[in-house]
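Enquirer: sequence first, then the predicted structure, then my questions.
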Number of protein chains: 2
Amino acid sequence: MDERALLLLGILMAQSQHGYQINEFIDKNLSRVTDMKKSTAYATLDRLCEAGYVEMHQEQEGNRPLRKVYAITPTGTEHFLALLRTNLAKVDPLNFASDIGMMFLDHLPCEESLSLLEERLRHLESEIRLYESAPRHGFGLGVDFAMEHHLVHQKADYQWLQSVIERLQTRKDV
Amino acid sequence: MDERALLLLGILMAQSQHGYQINEFIDKNLSRVTDMKKSTAYATLDRLCEAGYVEMHQEQEGNRPLRKVYAITPTGTEHFLALLRTNLAKVDPLNFASDIGMMFLDHLPCEESLSLLEERLRHLESEIRLYESAPRHGFGLGVDFAMEHHLVHQKADYQWLQSVIERLQTRKDV
DNA sequence: TTCAAATTAGTCATCGTTGACTATTTGCCT
DNA sequence: AGGCAAATAGTCAACGATGACTAATTTGAA
C-alpha cells in the first residue's frame, strides 16, 4: 500500500498532473512494474490529499469535463523521500500462490500433475520471450532495472520448475 | 484469493477440523508458504460454507468455549480439485514493491541509494541463511518444494541486487 | 491459593482494492 | 449530416483482508 503512495508521489515529483494523465502513464509505461488499477490510484490520491501530501484543484479546458489536477506539497516531498528510503532498504516479501498448489500435488494422479506443470512451464516460457522482446524504451534507468529484475526471477522460476518436473518424472518411473 | 480457498479446502481434505486448529496449523507449519491471517481464514471459511463447499457444526468439549468444526463436502472436494488444477497450471503474477523505489533512485544522492541498497542486501542475506538453516521437517513433499522455491528466488534476487549495486558504484566513480 | 500469563476460540469495524458504471467529447467513415 | 467507436475523466457499491478486541479456561510459580 505504501508503494502505491510512493509511486503516485514519485510521478507527481516530475510534474503536477491530472488523474487521467497519471493513470494513462501508469497504464502505458508501468504496467509491468505495478498492478495498481485506476480506481485505486484515485482513492490513493484522495488519501494523500487528506494527509496534506498532495493538493488538488479543479480545472477545465475548453468544454471537456472537469479535471482534478494534483500537485505534491513540500510535506509530500518529505514523505516521498521517507517512503523511498524505506522502500529501497526493504526486502520484498515473497509469496507464491502456486506453492499452495504444490502442497497438494498428491491429490491428483501423477501424470495429470505433470501435464499441468508442463503447461505452466510453457506459459512461463512465452512470458519470458515476451519480456525479452519488449522494447527497451528506457523511461529512465529505473524501469529498465525493474524489467531486468522481473526477468531474473522469471528465469529462476523456469529453471526451478523444470527441475521439479524432472524429479517428479523419475519418481513416477520408479 | 482463490489460493486462500484452495489452502483451506486442502487442509480439510486431510480431516475435519475446528477453526483454531486450522489456524494453528497454518501458523506453525505454513507461515513460510502463506501470509493468510487468522481473521481471513475465518472469513474465507464462512464464504466456503455459504457456497456449500464446506459444512460447519458447533461442538463443545468439557466447558471450553464453543468450537466451529468444519468439514469439506463432496461439492467442496470437486471445487478443491478444480482450484488445484488451475493453480498448478498458472504462472504466478510477479510484482515487486521494491521496483517502485528503483524507479526513483535518482531522487537521492547516489551514496545514500547505495547504502540503502546495501542494507537491503544484508537483510536478504540473513533471510537466506535463516531459510537455509530451517529444519526440513517435511510436512509432505509440497512444503519442501515451496521452501526450495522460495530459496531459489531469494538467491536470484541476491545476485541481481549485487549486480545492481556494482553497476551503480562504477557509475558513481565515472 | 492466588494471581499473572498463556492458551483457546472467535468477532468486528475499518480500510484498501477493484469491477462496473456514468457521461461527455472528439475523430472518423460513409 | 449521421452515427459509431474511441478517448476523456472520474464515481461508487461491494468485496476481501486484517488489526484490535473480547472472553473464557488452563497452567505454573510464588
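Expert: That came through, no problem.

Enquirer: from here on, just use CA atoms for contacts and neighbour counts.
Expert: OK.

Enquirer: what mean pLDDT does the helix ranked longest in chain A get?
Expert: Secondary structure of chain A per DSSP state H: the longest helix is helix A:140-173. Mean per-residue pLDDT for helix A:140-173: 91.

Enquirer: partners of the helix or strand hosting A:His57, with directions?
Expert: Using DSSP states H and E, A:His57 sits in strand A:54-59. Looking at strand A:54-59 with DSSP bridges, its partner strands are strand A:67-72 (antiparallel).

Enquirer: can you pull out the residues in contact with the strand it pairs with?
Expert: A:9, A:12-13, A:15-19, A:53-60 (Cα atoms under 8 Å, 6 or more residues apart in numbering or on different chains).

Enquirer: A:Glu59 against A:Gly19, yeah?
Expert: No: in this structure, A:Glu59 is not within contact of A:Gly19 by Cα atoms under 8 Å, at 11.5 Å.

Enquirer: which of these two has more residues huddled nearby?
Expert: More crowded of A:Glu59 and A:Gly19, by other Cα atoms under 10 Å in any protein chain shown: A:Gly19, with 17 against 13.

Enquirer: run through the bridge partners of the closest residue to that one other than its chain neighbours.
Expert: Once flanking residues are discounted, A:Gly19 sits nearest to A:Lys68: 6.2 Å by Cα to Cα, 6 or more residues apart in numbering or on different chains. A:Lys68 has these beta-bridge partners by DSSP bridges: A:Gln58.

Enquirer: read off the pLDDT value for A:Lys68.
Expert: 93.

Enquirer: okay, now it: neighbour count?
Expert: 16.

Enquirer: how many residues are close by A:Asn29?
Expert: For A:Asn29, the count of nearby residues is 15 (other Cα under 10 Å).

Enquirer: should've said A:His149
Expert: Residues near A:His149, counting by other Cα under 10 Å: 20.

Enquirer: look up how far DNA strand D lies from it.
Expert: 24 Å (Cα to the nearest atom of the strand, to the nearest Å).

Enquirer: what does A:Leu30 show for phi and psi?
Expert: A:Leu30 adopts backbone torsions of phi -120, psi 10, taken as degrees, to the nearest 10.

Enquirer: contacts only, for the nearest residue to it once chain neighbours are set aside.
Expert: Counting by Cα to Cα, 6+ apart, A:Leu30 lies nearest to A:Val143, which is 7.7 Å off, once chain neighbours are set aside. A:Val143 is in contact with A:Leu30, A:Val33, B:Asp99, B:Met102, B:Met103, counting by Cα under 8 Å, 6+ apart.

Enquirer: farthest pair in those?
Expert: Based on Cα to Cα, the longest span within the contacts of A:Val143 runs between A:Leu30 and B:Met102 and measures 12.6 Å.

Enquirer: who has more neighbours out of the two?
Expert: Taking neighbours as other Cα under 10 Å, A:Leu30 and B:Met102 compare with B:Met102 leading, 20 against 17.
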